[in-house]
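[1] next come a sequence and a model predicted from it.
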Amino acid sequence: KFLGAPEEGFGPMALRRAPHASPREGRSLRCLALAAGLVALRWLLQAECEAWLGGAAHRQSKERLAREDSEPLSLGRREAGAAVLTAGAAWSALPGEAEAFRQDRILNGKRTYVPKIRAAYQKLEGLRDDIYLEVEFTDGHRDLYQARVADWYDGIDRKMNGELTLVPNGGCDPYTQKVLGIVLVSRGRCSFERKIAMAQDAGAQSVVLYDVPVSKMPQDKAERVGTTRSKGQATRAAGDALSGGVGILPVEKGMTIMAVDKSSPKPSIDAVMINRLNGTTIATAIEEGGTAKIVRTDRFEFSQNIDAFIKKDLKKMLTEMEIYGNSFRASKDSMDDPIIATFRKDRKAFEAAVRAKDYAEIRRTFLDWNSHLDTIGQWELAELE
């Protein structure tokens, strides 16, 4: 009735009973046919997406389909199920397309899960390597800030002591004057390597970087193509199929282990990174005419905070590792692939090492897990920008 069809003779059979239906009735029947088609398409797309994502989503899909098998099926669900079975049969006959689909699934997983896994593992490593900066402000009060050292850090913490000078524009441009002590620069606009080079040329003793929301766009594409967003650009790349429009939004990446390109020489000055909140607190104090000076650095024992990591972060990290590992299976929807068993074994070894608080074994087992990833899915612990 909502579509304007008569109460009697409503439905597909009405078309056969009333071949000379009015134009209004004909439009109603066409709308119904379109709605039925959209329902069937919805079930097909949902089943395909769940197969793409794999893991828990796929198991839930199988459980749901099993429940539905015991219930009367609508026409749309029968058609959708038949379409899925047909697609599965065609999959094995098209190995080239299957591998392309698999690689795109891996790239999507890499973009989604690797940043989370990297952040969790860096946090774990940070329990051993992070330093703590005690900063004194103009009014005499002091705050303690956690900092993550760069991968070229030489371990001489006293190099981080001194007055902080705030540098504009992320420290990517040549400095207009010489500086003494430590420079404070924000993330974004250029690579870590360039920031350190600019500070070194200006005479800085060391560098403190702080995180800010930046684009996911690689720096080498900045100001060339795409839509400008905040401190970077956005474009489409392999592995973007599931990312939608979020690729153009600036994100806060969090503290990271900074690195320079492997072909470049190691910087001669040290650098650390602090988080956005702490960095902006210091930057605001300097912008308002005050001063900020690092008066002391400190470290904590590796085992001191690992209990909190085990309680709060370990389970989530293992889940992210499992979901990412599932994307490497050769099969479209079967979870019996041998690589899944290999990743499961690696995760259990890594979990045991963390719970044993054995740093050397933690590092070895995590590298084992990463080494079993396909080349396109592997990643570096440190970041370049």
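    Alright, I've got the coordinates.
[2] use CA for all of it now, contacts and neighbours both
    Fine.
[3] show me the shaky parts of the stretch 51-200 of the chain.
    51-96 (pLDDT under 70).
[4] so which residues of it form helices?
    55-69, 75-92, 95-129, 192-201 (DSSP state H, counting those that start in this stretch).
[5] next one: the stretch 251-385 of the chain
    276-287, 306-312, 314-326, 338-356, 359-371.
[6] who does the spatially closest residue to residue 157 that is not a sequence neighbour bridge with?
    Spatial nearest neighbour of residue 157, chain neighbours left out: residue 297 (6.3 Å); criterion: C-alpha to C-alpha, 6 or more residues apart in numbering. Residue 297 has these beta-bridge partners by DSSP bridges: residue 133.
[7] OK, contacts around residue 297?
    131-134, 157-158, 160-161 (C-alpha atoms under 8 Å, 6 or more residues apart in numbering).
[8] on that earlier part again, quick one: closest of the helices of the stretch 251-385 of the chain to residue 110.
    helix 314-326 (7.2 Å; C-alpha to C-alpha).
[9] what helices and strands are in contact with the closest one?
    helix 95-129, helix 338-356 (3 or more C-alpha pairs under 8 Å, 6 or more residues apart in numbering; DSSP states H and E).
[10] of the ones you listed, which stretch is the most buried?
    Greatest average neighbour count among those goes to helix 95-129 (a mean of 18), per mean count of other C-alpha atoms under 10 Å.
[11] report all helices and strands that that helix contacts.
    By 3+ C-alpha pairs under 8 Å, 6+ apart, helix 95-129 packs against helix 75-92, strand 142-149, helix 306-312, helix 314-326.
[12] if we can go back for a sec, reformat the helices and strands packed on helix 314-326 as JSON lines; add distance to residue 203.
    As requested, the helices and strands packed on helix 314-326 are exported to JSON lines (distance: least, C-alpha to C-alpha, whole Å):
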{"stretch": "helix 95-129", "distance to residue 203": "26"}
{"stretch": "helix 338-356", "distance to residue 203": "42"}
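[13] closest to residue 201 out of the ones you listed?
    Nearest of the helices and strands packed on helix 314-326 (C-alpha to C-alpha): helix 95-129, 27.3 Å.
[14] surely residue 357 touches residue 305?
    No: Residue 357 lies out of contact with residue 305 (C-alpha atoms under 8 Å); the separation is 10.3 Å.
[15] my guess is residue 343 meets residue 368, correct?
    No: counting by C-alpha under 8 Å, residue 343 sits too far from residue 368 to count as a contact (9.3 Å).
[16] OK, contacts around residue 106?
    Here residue 106 is in contact with 239, 324, 327-328, 376-377 (C-alpha under 8 Å, 6+ apart).
[17] buried subset of these, written for PyMOL?
    The following PyMOL line selects those of these that are buried, judged by 16 or more other C-alpha atoms under 10 Å:
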select buried, resi 239+324+327+328+377
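[18] which of the contacts of residue 106 lies closest to residue 257?
    Nearest member of the contacts of residue 106 to residue 257, counting by C-alpha to C-alpha, is residue 377, at 19.6 Å.
[19] contact partners for residue 270?
    150, 152-154, 159-160, 205-207.
[20] list just the nearest of the residues you listed to residue 174.
    If you rank the contacts of residue 270 by distance to residue 174 using C-alpha to C-alpha, residue 207 comes first, at 14.9 Å.
[21] any idea how many residues pack against the nearest residue to that closest one once chain neighbours are set aside?
    What sits nearest to residue 207 in space, not counting adjacent residues and going by C-alpha to C-alpha, 6+ apart, is residue 271, at 4.6 Å. The local packing of residue 271 (other C-alpha atoms under 10 Å) involves 28 other residues.
[22] what does residue 166 give?
    Around residue 166 there are 21 residues (other C-alpha under 10 Å).
[23] follow-up on the earlier one: redo the contacts of residue 106 as a markdown table? Include pLDDT.
    Compiled in a markdown table, the contacts of residue 106 are given as follows (pLDDT from 0 to 100):
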| residue | pLDDT |
| --- | --- |
| 239 | 44 |
| 324 | 94 |
| 327 | 91 |
| 328 | 91 |
| 376 | 88 |
| 377 | 88 |
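[24] now do residue 151 against residue 272, distance only.
    Counting by C-alpha to C-alpha, to the nearest Å, the gap from residue 151 to residue 272 is 9 Å.
[25] kindly point out which residues are neighbours of both of those two.
    Shared contacts of residue 151 and residue 272, defined by C-alpha under 8 Å, 6+ apart, comprise residue 258.
[26] the more surrounded of these two?
    Neighbour count, other C-alpha under 10 Å: between residue 151 and residue 272, residue 272 has more, with 24 against 18.
[27] could you find the closest non-adjacent residue to the more buried one?
    Here the residue nearest residue 272, using C-alpha to C-alpha, 6+ apart, is residue 149, at 4.3 Å.
[28] next up, the contacts around that neighbour.
    Contacts of residue 149 by C-alpha under 8 Å, 6+ apart are 129-131, 257-258, 271-273.
[29] let me see the contact set for residue 180.
    203-205.
[30] TSV for those residues, including pLDDT, neighbour count and distance to residue 183?
    Converted to TSV, those look like this (pLDDT from 0 to 100; neighbours: other C-alpha atoms under 10 Å; distance: C-alpha to C-alpha, whole Å):
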residue	pLDDT	neighbour count	distance to residue 183
203	93	17	10
204	93	20	7
205	93	20	8
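[31] what count of nearby residues applies to the nearest residue to residue 187 once chain neighbours are set aside?
    Residue nearest to residue 187 in three dimensions, not counting chain neighbours: residue 211, with 5.2 Å by C-alpha to C-alpha, 6+ apart. Residues contacting residue 211 under the criterion other C-alpha under 10 Å number 23.
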